[in-house]
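In: mind folding the following:
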Amino acid sequence: MAHTTVNAPASASVLDSISRVFNSFFSVLVRLGESSAKARQINALMELSDAELEARGLKREDIARYVFQNCYWV
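Out: Below you'll find the predicted structure:
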């Protein structure tokens, strides 16, 4: 009869657990950021053509500045 023993270091499972916690936390932050009104506005403007942006007086590189122009960070 053959027996196989695998000795995996305990620290690997602890590091994996910590990694999963941080990955989950950051994915929640990303989802929150993507669902914000400002992010939706930026996405909507980015979907416009250059001609449509020009009709609104915007350039593609100025979209973020335009959206956040009245935000005051405390």
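In: so, low pLDDT: which residues of this protein?
Out: Low-confidence segments of the chain, defined by pLDDT under 70: 1-3, 6-12, 71-74.
In: let me see the ranges of the helices in it.
Out: Along the chain, counting by DSSP state H, helices occupy 10-35, 37-46, 50-55, 63-67.
In: who wins for proximity to T4 among the ones you listed?
Out: helix 10-35 (18.5 Å; CB to CB). For the C-beta atoms, the positions are set from N, CA and C on the backbone; glycine is no exception.
In: other SSEs contacting the closest one?
Out: If contacts are counted by 3 or more CB pairs under 8 Å, 6 or more residues apart in numbering; DSSP states H and E, helix 10-35 sits against no helix or strand.
In: quick check: angle from that helix to helix 37-46?
Out: Per axes from the mean of the first three to the mean of the last three CA atoms, to 10 degrees, the angle that helix 10-35 makes with helix 37-46 is 70 degrees.
In: before we move on, back to that, just the helices of the chain: most buried one?
Out: Mean neighbours per residue, mean count of other CB atoms under 10 Å, is largest over those for helix 63-67, with a mean of 15.
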